[in-house]
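1. The sequence and its predicted three-dimensional model are supplied below.
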Amino acid sequence: MGRRMIPPHARNTTIYAPYEWRSLLRDLLRQCSFLPDPIAQAACHDHVMQRFRRWEAEKRPWVKYKTIREHNSYKDAHQKLSLLIRANEGFPRPLEKVLRFAYGRSGKRRWELLSTLLTENVPADSNAVEHLISTTKADFGDDWKPPTVLVDLLKSQNNNPFVAQLSNRPPVKELEPKFPKKVTWGGGVAFNRRKNIRRDWYNNVLSVILPPLPDSELQVLEGLISGKITWKRRSKTLSEGDFRFVADHHSHPGRRVRRLLSYGPRKEQTFEAYASGRPHTITRRLMTRLWQRISCLVPRSRWDTPSGKHYFTWDTVKPLPLLAASPAATKSSEELFESKIEDIKLKRRLPLTALNVPDAEDDVD
């Protein structure tokens with residue numbers, strides 16, 4: 001049989017009614033309002049509205065059939081709705097995934113923060129602007145160099161062991177693109193291959209780098225962890241089982257018969273829903289642990305004027321132990337251990353009787 005052809009009059013038809021999209025939008029916004037994080041509520045709400053508005057405003061002439069795009073978008077929206085429902089029910093992995101998106105550790109928001117970080121390094125004089133324009137036209141040529149802030153952030157991120165444990169992507173250990181010395185047939189590397197190696201290295205770095213947060217959002221995150229910002233859990237939402245019961249109660253008998261013939265009789269309570277984790281009661285203790293994990297993936301940037309470099313610091317999952325005495329409070333290490341050294345010298349000079357050491361004869365008795 002040949003490939004099924006779609007008639008021209010059916011290419012621009014819709015397969016989902018408007019009320020289905022409207023109901024899906026309301027469900028998404030409702031689940032966004034129940035998220036246990038203020039920044040996650042705003043970020044997910046804006047993301048949902050932008051996706052629905054972009055569908056109306058954006059035209060994609062390269063898509064051959066509108067029905068294919070509509071079906072993929074409807075399926076993706078249902079997957080995001082399932083993610084939000086599981087996050088509100090207290091599943092740790094979906095909840096952490098939503099928090100990572102909200103704080104720019106993954107997804108579209110990470111690329112937005114990354115583009116802001118790269119555009120902040122604006123040249124100061126006209127010569128630097130001309131050099132930037134020339135290197136941009138070269139398109140990863142031999143005169144191209146990566147941004148300094150990107151290299152400094154990559155170096156700091158590779159030195160942080162917590163990022164390797166919490167990140168979902170393998171790290172990029174090379175701070176600059178490496179070229180092979182010789183090719184298989186001898187000679188140097190071609191110019192186009194050098195460009196491709198630089199482009200691949202740059203894209204790999206952009207895919208794993210974690211940009212810093214804005215100061216306002218960083219203060220909110222630190223305030224939620226420390227308790228300065230009050231956190232109040234929203235009221236409990238209907239679970240997936242409640243929605244299924246309401247839908248079956250009001251559904252047509254024919255649908256229930258069709259479901260019975262397709263999937264068989266409904267089982268009793270099973271552990272199928274908990275195969276990928278179990279739901280937790282969303283408390284402040286659980287949220288603090290998740291916020292602390294997100295904080296470990298947020299770099300704190302600082303510009304050092306004398307050296308002309310960016311310095312980045314990272315948070316830790318648990319507070320590091322502090323020194324009992326600070327070496328900066330004394331002039332040298334000898335003054336810090338001066339009393340101990342004097343005691344050791346005094347004990348070496350005294351005889352054994354003065355140190356109250358028992359004799360061998362006393363041990364035998």
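-> Noted; the coordinates are in hand. Numbering: from 1, shown residues only.
2. in the stretch 151-300 of the chain, which segments are predicted with low confidence?
-> Scanning the stretch 151-300 of the chain for pLDDT under 70 picks out the ranges 184, 186, 234-254, 273.
3. can you map out the strands along it?
-> 300-304 (DSSP state E, counting those that start in this stretch).
4. Flag every buried residue along stretch 166-178.
-> Leu166, Ser167, Val172, Pro177 (16 or more other Cβ atoms under 10 Å). Quick note: C-beta positions are derived from backbone N, CA and C, even for glycine.
5. Can you list which of those residues are found in helices?
-> The helices, defined by DSSP state H, take in Leu166 from the buried residues of stretch 166-178.
6. closest to Phe34 among the buried residues of stretch 166-178?
-> Of all the buried residues of stretch 166-178, the one with the least separation from Phe34 (Cβ to Cβ) is Leu166, at 25.6 Å.
7. Hmm, Leu297 and the closest one touching each other?
-> Yes: contact criterion Cβ atoms under 8 Å: Leu166 and Leu297 qualify, at 5.9 Å.
8. okay, now Asp46: neighbour count?
-> Using other Cβ atoms under 10 Å, Asp46 has 12 neighbouring residues.
9. mind checking which helix or strand it is in?
-> Using DSSP states H and E, Asp46 maps to helix 38-57.
10. Report all helices and strands that that helix contacts.
-> helix 18-33, helix 66-89, helix 92-102, helix 108-119, helix 215-226 (3 or more Cβ pairs under 8 Å, 6 or more residues apart in numbering; DSSP states H and E).
11. repeat that for 6 Å
-> Counting contacts by 3 or more Cβ pairs under 6 Å, 6 or more residues apart in numbering; DSSP states H and E, helix 38-57 packs against helix 18-33, helix 92-102.
12. Need the phi and psi values for the residue nearest to Ser207 when sequence neighbours are not counted.
-> Here the nearest residue to Ser207 in space, its sequence neighbours aside, is Arg169; by Cβ to Cβ, 6 or more residues apart in numbering that works out to 6.5 Å. When read as degrees, to the nearest 10, the backbone of Arg169 gives phi -120, psi 150.
13. What is the burial count for the nearest residue to Arg93 once chain neighbours are set aside?
-> Leaving out its chain neighbours, the residue that sits closest to Arg93 by Cβ to Cβ, 6+ apart is Gly277, at 5.7 Å. Residues within reach of Gly277, counting by other Cβ under 10 Å, total 13.
14. what does Leu117 give?
-> Counted with other Cβ under 10 Å, Leu117 comes out at 19.
15. Just give the closest residue to Gly223, not the sequence neighbours.
-> Excluding the flanking residues, the one nearest Gly223 by Cβ to Cβ, 6+ apart is Ile229, at 3.7 Å.
16. Isn't that neighbour up against Leu221?
-> No: using Cβ atoms under 6 Å, Ile229 makes no contact with Leu221, being 9.2 Å away.
17. Averaged pLDDT, the helix holding Asp46. What do you get?
-> For helix 38-57, mean pLDDT is 85.
18. And the contacts of it?
-> Counting contacts by Cβ atoms under 6 Å, 6 or more residues apart in numbering, the residues outside helix 38-57 that touch it are Leu25, Leu28, Cys32, Leu35, Val98, Leu99, Ala102, Glu217.
19. Nearest to Val149 among those residues?
-> Of the contacts of helix 38-57, the one sitting nearest to Val149 (Cβ to Cβ) turns out to be Glu217, at 19.2 Å.
20. Turn the helices and strands packed on helix 38-57 into TSV, including distance to His310, mean pLDDT and mean neighbour count.
-> As requested, those are exported to TSV (distance: least, Cβ to Cβ, whole Å; pLDDT from 0 to 100; neighbours: other Cβ atoms under 10 Å):
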stretch	distance to His310	mean pLDDT	mean neighbour count
helix 18-33	34	89	15
helix 92-102	23	92	20
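21. and of those, who's closest to Asp143?
-> Once the helices and strands packed on helix 38-57 are compared by Cβ to Cβ, helix 92-102 is nearest, at 36.7 Å.
22. so that closest one versus helix 18-33, what angle?
-> Our comparison of helix 92-102 with helix 18-33, counting by axes from the mean of the first three to the mean of the last three Cα atoms, to 10 degrees, yields an angle of 90 degrees.
23. which residues make contact with helix 92-102 from outside it?
-> Ile39, Ala40, Ala43, Leu83, Arg86, Ala87, Ser106, Gly107, Gly277, Leu290, Ile294.
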